[in-house]
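[1] Sequence below, structure please.
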Amino acid sequence: MPVRNFWQDIWGMVKVACIYPLAERIQHRHITPRLRVLRAEAALPFAERKARARERLASTVEHAGATVPYYRELFAARHFDPASLRRDPRYLEELPYLTKDILREQGRRLISEPYADKIVREQKTGSSTGLAATIYYDQKSLDWTAAQNIQVLEWAGKRRWFREAHLSTRFAGTRRPRWPEFEAKKCFALHRYNIYTSGFDDAAQETLIADLSNARARFVQGHPSSMFALARYGRRARLDICGLFDVFVSTGEMLTDAQRTRIEDVLGVRVSNRYGACEFGVMAQERAAGPRGEMLVCDSLVWPETADVTDASGAGSARELVFTNLRNPVMPLIRYRMGDMGRLEERADGWWITEITGRTHDSVDIDGIQYPTHYIQDILDRCGNIADFQILVRDGRAVELRLVTPEEDWEDISARVRAQFPSLPLRRIGADELVFVGVRGKFSYLLREAS
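    You can find the predicted model right below:
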């Protein structure tokens with residue numbers, strides 16, 4: 001163990017034993033007791049955990065039907081009896097799916113009436129895939145999601161006293177929080193270090209390397225696109241950047257196999273994938289000792305399903321991930337379609353998300369043919385030294401393909417790309433010209449422009 005990690009671990013143990021409980025008391029939070037509940041439940045056989053989840057599902061739906069205006073009207077219109085779920089959870093299929101459009105349309109009509117005056121957090125969805133919606137939490141619900149976040153980091157191999165770093169996108173005016181600001185106090189209690197990234201260009205990567213070195217963290221959480229950009233830069237610049245940290249927890253965007261492999265090879269770290277959302281908290285996490293690339297569902301927090309969708313590539317059918325929250329009585333979300341395509345398997349030890357293949361809308365019309373973004377990426381990977389790309393889209397049709405590639409390679413690469421997409425206008429851009437979208441600054445291959 002490096003000396004710097006040893007002393008960071010000792011300091012982290014002091015925070016876990018003394019400072020974190022004090023911060024909980026001052027903030028009137030009850031996270032640690034709920035963490036103990038989650039740990040004890042996770043140790044149970046899946047058959048017992050599933051039975052508990054089924055009971056919570058029935059209680060959640062009954063609560064929604066009795067206290068939430070939207071669901072009260074929906075259940076009456078469909079003559080749906082929530083008590084039927086206690087006989088068989090498949091009765092849930094009688095209810096329609098919930099979507100982000102419905103969240104925006106119904107607004108506060110999705111709030112439970114007895115909890116209307118207990119809301120402590122109004123949290124907007126990322127808006128990287130469309131207009132944002134607002135999700136409401138009370139203090140108890142927030143504490144459950146916070147406890148779940150600690151638990152899934154443990155699934156990834158993190159001890160509570162390990163130093164962690166969070167990567168966030170730097171927006172105009174963003175600066176590192178200073179004492180006595182709340183964020184600075186939060187980072188202190190959590191043994192966390194915030195790192196703000198400013199793009200994918202070389203200067204930003206040099207700054208990120210310095211920040212990671214200063215963080216002295218064992219675990220780093222962030223968007224895979226940010227760490228992939230660092231790995232690409234390290235490979236191109238022939239830098240030895242192994243040992244900056246131990247584990248990268250990928251969150252907020254889809255992690256591709258190519259990203260995972262490059263990050264692990266160049267940075268010498270283990271990659272652990274996570275699946276979470278503002279609507280629910282963390283729904284699934286890759287386990288340190290579990291199957292590579294597969295994520296265990298947090299069955300104490302959500303009830304998982306899948307819905308049929310047609311794959312945009314036309315190559316066959318895929319499944320869209322669907323969840324019902326089990327620990328947020330303020331705003332019960334029943335059969336909420338995530339927009340993410342993936343595979344869900346029920347095994348002897350739990351529900352597992354074995355693959356996430358993209359979002360249902362991550363496809364674009366090029367010359368009358370629908371292409372999923374991962375297929376376009378595969379094509380471009382065969383066209384030469386293309387570091388990254390984005391497609392400007394108007395009314396669902398691609399109007400410009402922007403490629404990050406060296407000037408000296410442009411003539412050869414553009415010729416190869418035009419052979420694949422003859423009528424699509426091309427433009428060479430720098431890494432600093434890539435655009436991040438949404439309130440959380442995610443990277444997206446598609447930039448949708450109003451017509």
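
[2] For Arg359, see how far away Leu321 is.
    Here the criterion is Cβ to Cβ, to the nearest Å. By it, Leu321 lies 10 Å from Arg359. Every residue, glycine included, has its C-beta placed from N, CA and C.

[3] now swap in Pro33 and tell me
    Pro33 sits 36 Å away from Arg359, going by Cβ to Cβ.

[4] So Leu321 and Arg359 - more neighbours on which side?
    Remark: of Leu321 and Arg359, Leu321 carries more neighbours, 24 against 20, as counted by other Cβ atoms under 10 Å.

[5] Any stretches of the stretch 1-150 of the chain with poor pLDDT?
    1-4, 126-131 (pLDDT under 70).

[6] Overlap of the contact sets of Leu321 and Arg359?
    Taking Cβ atoms under 8 Å, 6 or more residues apart in numbering as the criterion, Leu321 and Arg359 both touch 340-341.

[7] Count the neighbours of Thr32 for me.
    When neighbours are counted by other Cβ under 10 Å, Thr32 registers 16.

[8] From Tyr233, how far off is Leu212?
    Leu212 sits 13 Å away from Tyr233, taking Cβ to Cβ as the criterion.

[9] cool, Ser300 as well?
    40 Å.

[10] Just say helix, strand or coil for the residue positioned nearest the centre of the chain.
    Geometric centre of the chain, nearest residue: Gly252, 3.0 Å, by Cα atoms, centre = their mean. State at Gly252, reduced to three classes by DSSP: H, G, I helix; E, B strand; the rest coil: coil.

[11] how about the nearest residue to it once chain neighbours are set aside, what does it touch?
    Counting by Cβ to Cβ, 6 or more residues apart in numbering, Gly252 lies nearest to His223, which is 4.8 Å off, once chain neighbours are set aside. His223 makes contact with 167, 169, 250-253, 442-443, according to Cβ under 8 Å, 6+ apart.

[12] Now compare the residues you listed and name the two farthest from each other.
    Taking Cβ to Cβ, the two most distant members of those are Thr169 and Ser250; they sit 15.2 Å apart.

[13] next SSE after the strand or helix carrying Arg418?
    In this structure, Arg418 sits in helix 410-420 according to DSSP states H and E. The element immediately downstream of helix 410-420 (helix or strand, assigned by DSSP H and E) is strand 426-429.

[14] Can you get me the centre-to-centre distance for that next one and its chain?
    Taking the mean C-alpha point of strand 426-429 and that of its whole chain, the gap between them comes to 29 Å (Cα atoms, centre = their mean, to the nearest Å).

[15] Just checking: what are the partner strands of it?
    Each strand paired with strand 426-429, and its direction, by DSSP bridges: strand 397-404 (parallel).

[16] tell me the angle the strand it pairs with makes with helix 410-420.
    Computed by axes from the mean of the first three to the mean of the last three Cα atoms, to 10 degrees, the angle separating strand 397-404 from helix 410-420 equals 150 degrees.

[17] which residues sit against strand 397-404?
    Strand 397-404 is contacted by residues 200, 364-366, 380, 386-393, 413-414, 417, 421, 424-431, 433-434, 449 when judged by Cβ under 8 Å, 6+ apart.

[18] Quick check: mean pLDDT of it?
    The pLDDT scores in strand 397-404 average 94.

[19] Skipping its backbone neighbours, what lies nearest Gly222 in space?
    Leu167 (2.8 Å).

[20] And this structure, split by domain according to the record?
    What automatic domain parsing lists as the domains of the chain is 1-360, 363-449.

[21] so which strand or helix has the closest residue to Gln420 other than its chain neighbours?
    Closest residue in space to Gln420, ignoring its immediate chain neighbours: Ile379 at 5.4 Å, by Cβ to Cβ, 6+ apart. Element membership for Ile379, per DSSP H and E: helix 373-381.

[22] One more: Ala289?
    Ala289 belongs to no helix or strand, assigned by DSSP H and E.

[23] Kindly provide the distance from it to Ser272.
    Counting by Cβ to Cβ, the gap from Ala289 to Ser272 is 11 Å.

[24] cool, and Tyr193?
    Going from Tyr193 to Ser272 by Cβ to Cβ gives 18 Å.

[25] where do the strands sit along the stretch 201-350 of the chain?
    Here the stretch 201-350 of the chain has its strands, by DSSP state E, counting those that start in this stretch, at 219-222, 247-250, 270-277, 281-286, 295-297, 302-310, 317-325, 336-347, 350-359.

[26] Can you list the helices and strands that the second one packs against?
    When contacts are defined as 3 or more Cβ pairs under 8 Å, 6 or more residues apart in numbering; DSSP states H and E, strand 247-250 packs onto strand 219-222, helix 224-236, helix 257-267, strand 270-277.

[27] The longest one too?
    Helices and strands touching strand 336-347, as assessed by 3+ Cβ pairs under 8 Å, 6+ apart, comprise strand 302-310, strand 317-325, strand 350-359.

[28] Name the strands paired with the longest one and say parallel or antiparallel.
    Partner strands for strand 350-359, per DSSP bridges, with pairing direction: strand 295-297 (antiparallel), strand 336-347 (antiparallel).

[29] which of those strands sits most buried?
    Highest mean neighbour count among the strands paired with strand 350-359 (mean count of other Cβ atoms under 10 Å): strand 295-297, with a mean of 23.

[30] Show me what the longest helix along the chain is packed up against.
    For the chain, the helix with the greatest residue count under DSSP state H is helix 46-67. If you count contacts as 3+ Cβ pairs under 8 Å, 6+ apart, helix 46-67 packs onto helix 31-42, helix 69-78, strand 302-310, strand 317-325.

[31] Return the set of buried residues in it.
    By 16 or more other Cβ atoms under 10 Å, the buried positions in helix 46-67 come out as 46, 49-50, 53-54, 56-65, 67.

[32] more neighbours, Thr169 and Ser250?
    Legend: neighbour count by other Cβ under 10 Å for Thr169 and Ser250, higher for Ser250 (26 against 20).

[33] who does the more buried one bridge with?
    Counting by DSSP bridges, the residues bridging with Ser250 are Gly222, Asn273.

[34] Looks like it contacts Arg270 (just checking).
    No - the criterion here is Cβ atoms under 8 Å, and Ser250 misses it with Arg270 at 11.0 Å.

[35] List the buried residues of stretch 303-310.
    Neighbour-count burial for stretch 303-310 [16+ other Cβ under 10 Å]: 303-307.

[36] For those, work out which two are farthest apart.
    Using Cβ to Cβ, these reach their maximum pairwise distance at Trp303 and Ala307, which is 13.6 Å.
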